[in-house]
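Asks: Sequence and computational prediction follow.
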Amino acid sequence: GRALRLKPRDSSVGVEAGLVAARKLGDRKMQGAHLGNLGNIHAQYLGDSRKAIGYYEQTLVIHRELDDRRGEGMALNNLGSAHTDLGETKKAIGYCEQALDIARETADRRNEGSALGNLGVAHKSNGDLQKALEFYQQQIVVVHEVGDRRGEGGTFGNIGTVLAELGEKQEAIRFLEKTLVIMREIGDRRGEAIASNNLGCAYAELDETQKAIVLFEQALESAREVDYRAGEGRALHNLAGGLAETGHRDEAIAHAEQAVEILEQIESPCIANARARLEKIRKQTDQE
């Protein structure tokens with residue numbers, strides 16, 4: 001539920017200026033909105049979830065102070081999502097459960113869909129695939145009902161990644177392809193990067209390495225276009241695997257090194273996998 005269509009590095013400057021102005025005017029509602037947007041920029045694009053949490057915590061205080069239940073629910077949702085990004089799933093689940101309660105209490109269907117999706121992501125990160133799938137199946141009903149195309153695309157993608165982990169690879173590809181179609185249709189480049197990465201991984205699992213490489217290259221291009229750091233790091237990591245598989249070892253090492261650098265900077269839970277892949281490719285190269 002953190003859809004935001006801004007060019008991050010340029011936008012953060014404008015939003016920070018807006019925040020300064022809102023503080024001068026003593027406009028708490030506007031301060032909350034600007035703090036939330038700064039959180040979104042750092043979490044979604046710049047990959048700094050730790051910094052985003054600081055902004056979301058401030059916005060949560062303001063929404064509670066103003067007794068803005070909808071804003072409180074959105075802030076809790078965003079906090080849950082950011083904690084999941086850092087692998088802090090217990091905290092994440094606590095925030096998302098609160099967000100879900102508020103959304104249902106206030107009949108806020110859009111925020112209910114976001115909370116269900118975020119709970120699915122957190123449980124998947126915890127390794128509870130069946131529970132994740134249950135939340136995603138509830139979410140798809142809600143996002144479809146409110147006509148949220150971006151939410152629908154994201155949910156199809158999440159269902160696809162769970163099915164892939166459950167070994168239902170062809171069915172996973174069917175869902176992941178739907179996601180990519182929707183993200184392209186609505187012009188969501190960040191969503192497109194995620195979808196291309198996920199679909200590429202599904203094809204890699206089926207040993208269709210060339211298809212996977214093309215998708216990872218598309219993911220990298222989309223992520224860089226909108227300064228989406230986590231997507232860029234993941235695409236580089238995936239691309240390194242595909243290039244190593246096809247014998248392009250030097251190129252694979254260069255991509256893997258860039259992936260490690262980015263994923264370290266953003267405190268990604270995937271960093272251990274990225275380091276392991278880089279080591280593996282280096283060893284294979286030394287043995288040749």
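Replies: Yes, it's here. Numbers count the residues shown, from 1 in each chain.
Asks: For the rest of this, base every contact and every neighbour count on C-alpha atoms.
Replies: Will do.
Asks: Which residue, other than its chain neighbours, is closest to residue 134?
Replies: Leaving aside its sequence neighbours, residue 134 sits nearest to residue 120 (Cα to Cα, 6 or more residues apart in numbering; 7.6 Å).
Asks: Quick check: buried residues in the one helix or strand the one you found maps to?
Replies: For residue 120, the host element (DSSP states H and E) is helix 109-125. Neighbour counts over helix 109-125 (16 or more other Cα atoms under 10 Å) mark 109-125 as buried.
Asks: other SSEs contacting it?
Replies: Helices and strands touching helix 109-125, by 3 or more Cα pairs under 8 Å, 6 or more residues apart in numbering; DSSP states H and E, are helix 69-85, helix 89-105, helix 129-145, helix 149-165.
Asks: Does residue 239 touch residue 252 like I think?
Replies: Yes. Contact criterion Cα atoms under 8 Å: residue 239 and residue 252 qualify, at 7.2 Å.
Asks: the more surrounded of these two?
Replies: residue 239 (29 against 25; other Cα atoms under 10 Å).
Asks: Work out which residue lies at the spatial centre of the chain.
Replies: What sits nearest the mean C-alpha location of the chain, by Cα atoms, centre = their mean, is residue 44, with 6.7 Å.
Asks: got a pLDDT number for that one?
Replies: Per-residue confidence (pLDDT) for residue 44: 84.
Asks: Without its sequence neighbours, what residue ends up closest to it?
Replies: Nearest residue to residue 44, sequence neighbours excluded (Cα to Cα, 6+ apart): residue 228, at 6.8 Å.
Asks: How about residue 200?
Replies: Excluding the flanking residues, the one nearest residue 200 by Cα to Cα, 6+ apart is residue 212, at 4.1 Å.
Asks: Hmm, residue 199 and the one you found touching each other?
Replies: Yes. If you go by Cα under 8 Å, residue 212 and residue 199 touch, sitting 7.5 Å apart.
Asks: Compare these two (neighbour count), which wins?
Replies: residue 199 (29 against 26).
Asks: can you tell me which residues contact the residue nearest to residue 138 when sequence neighbours are not counted?
Replies: Spatial nearest neighbour of residue 138, chain neighbours left out: residue 116 (7.0 Å); criterion: Cα to Cα, 6+ apart. By Cα atoms under 8 Å, 6 or more residues apart in numbering, the contact set of residue 116 is 96, 100, 135, 136, 138, 139.
Asks: from the residues you listed, which single one is nearest residue 163?
Replies: Checking the contacts of residue 116 against residue 163 by Cα to Cα gives residue 136 as the nearest, at 11.5 Å.
Asks: What about that closest one, how many residues nearby?
Replies: Using other Cα under 10 Å, residue 136 is surrounded by 26 other residues.
Asks: these two touch, right, it and residue 155?
Replies: Yes. The pair residue 136 / residue 155 is scored as a contact, 6.2 Å apart, by Cα under 8 Å.
Asks: Give the residues shared as contacts by the two.
Replies: Shared contacts of residue 136 and residue 155, defined by Cα under 8 Å, 6+ apart, comprise residue 117.
Asks: what separates residue 68 from residue 33, distance-wise?
Replies: Residue 68 is 12 Å from residue 33, where distance means Cα to Cα, to the nearest Å.
Asks: Same drill for these two, tell me which one is more crowded.
Replies: Using other Cα under 10 Å, the more surrounded residue of residue 68 and residue 33 is residue 33, with 19 against 13.
Asks: What strand or helix carries that one?
Replies: Assigned by DSSP H and E, residue 33 falls in helix 28-40.
Asks: next SSE after that helix?
Replies: Past helix 28-40, further along toward the C-terminus, the next helix or strand under DSSP H and E is helix 49-65.
Asks: what is the mean pLDDT for that next one?
Replies: pLDDT averaged over helix 49-65 gives 96.
Asks: what does stretch 260-268 give?
Replies: Averaging pLDDT along stretch 260-268 yields 92.
Asks: Please enumerate residues in contact with that stretch?
Replies: Stretch 260-268 is contacted by residues 46-49, 85-87, 229-230, 232-234, 237, 270-271, 274-275 when judged by Cα under 8 Å, 6+ apart.
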